[in-house]
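> Here is a sequence together with a model predicted from it:
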Amino acid sequence: MFRGKKVVLVADWLDKYAGSERVMTSLIKALNVDEIYTMINIMTQKDLQFLLGKKREDIKISDTNLRIFGKYFRYLLPFFPYFVKQISISKDTDIIISSSHAVAKGVDKPTPEILHISYFQARNLKYIWDNPELYFTGIKSIFRLFFPYLKKVDLEYAKKPDYIIANSIFVQKWVKRIYNRKSSVIYPPVDINKFYISKKRNGYYIAIGRLESYKRFDVLVK
């Protein structure tokens, strides 16, 4: 796919190898990505090897000055729109694939003829649009002062991609409701060789994910 074209991948940030990063690994492999751009890269070398896949250490990863804040970069949330603008993509790029769950979709094209396809890994900046009480409590409530500004910028950034791909019908409907944009659905890849479906059923459920408040494992347990 995209043979003979220079393809770059833009991510919000690279800090750990989790769900969205696994999708990025598939994108890197399927699209033969040449370069990766992100606001900050603080991944361990081991996680980077997982991300890039075998024999792809040649991929250049570029980030911004946000890196100086290290693991505390999330406290710079109000400045994310600024830092994504600091990403400077090579002018010889043919195709931009943004892996966006925050502001990556807002990256600037160096030339207008470049094709930009944004894959929405989730509702973008969902913590300012939906259920902020799950994210901003206590001292973090001060971030709510920036919500009007962040929402305005996010709406503008959503206009930038030429095409939006949602990772589910749920996100597709959300994109239409919030951004009034059409999108196509491509589900995240699943390695079906790593498991099998049993015909036997037992009286319990399994939920897999990081123990983050917004994932609502408390509701699942109840």
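The structure has been received and is ready for your questions.
> buried ones in stretch 129-148?
By neighbour count on 16 or more other CB atoms under 10 Å, the buried set for stretch 129-148 is 129, 132, 135-136, 143, 147. C-beta here means a position set from N, CA and C on the backbone, and glycine is covered the same way.
> Check which helices and strands the longest helix belonging to the chain sits against.
Counting by DSSP state H, the longest helix found in the chain is helix 19-31. Counting contacts by 3 or more CB pairs under 8 Å, 6 or more residues apart in numbering; DSSP states H and E, helix 19-31 packs against strand 7-11, helix 45-52, strand 95-100.
> need the contact list for residue 130.
The contact partners of residue 130, by CB atoms under 8 Å, 6 or more residues apart in numbering, come to residue 123.
> can you rerun that using 10 Å?
Residues in contact with residue 130 (CB atoms under 10 Å, 6 or more residues apart in numbering) are 123, 174, 178, 214.
> what would the residues you listed look like in TSV with secondary structure, distance to residue 67 and pLDDT?
Output for the contacts of residue 130, formatted as TSV (DSSP: H, G, I helix; E, B strand; the rest coil; distance: CB to CB, whole Å; pLDDT from 0 to 100):
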residue	secondary structure	distance to residue 67	pLDDT
123	coil	26	96
174	helix	31	98
178	helix	30	98
214	helix	25	77
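> Determine which two of those residues are furthest apart.
Comparing every pair within these by CB to CB identifies 178 and 214 as the most remote, at 17.0 Å.
> Between these two, which has more neighbouring residues?
Neighbours were counted for residue 178 and for residue 214 using other CB atoms under 10 Å; residue 178 has more, 18 against 12.
> Can you say which of the helices and strands packed on helix 19-31 is nearest to residue 192?
Nearest of the helices and strands packed on helix 19-31 to residue 192, taken as CB to CB: helix 45-52 at 19.3 Å.
> what residue ranges in this structure are flagged as low confidence?
1, 55 (pLDDT under 70).
> how about a cut-off of 80?
Screening the chain residue by residue with the criterion pLDDT under 80, one finds the ranges 1-3, 54-57, 213-214.
> Now do the strands in it.
Using DSSP state E, the strands found in the chain span residues 7-11, 35-38, 60-62, 95-100, 115-120, 163-166, 184-185.
> Please state the backbone phi and psi of the residue of the chain most remote from its centre?
The centre of the chain is farthest from one residue, residue 200, which by CA atoms, centre = their mean lies 36.1 Å away. Main-chain torsions, residue 200, degrees, to the nearest 10: phi -90, psi 140.
> Could you double-check that residue 99 lies in contact with residue 8?
No. Applying CB atoms under 10 Å as the test, residue 99 and residue 8 come out as separate, 11.2 Å apart.
> which residues does residue 169 contact?
By CB under 10 Å, 6+ apart, residue 169 lies in contact with 185, 187.
> quick one: contacts for the residue lying closest to residue 96 once chain neighbours are set aside?
For residue 96, ignoring the flanking residues on the chain, the nearest one in space by CB to CB, 6 or more residues apart in numbering is residue 116 at 4.4 Å. Neighbouring residues of residue 116 by CB under 10 Å, 6+ apart: 10, 89, 93, 95-98, 105, 107-109, 160-164.
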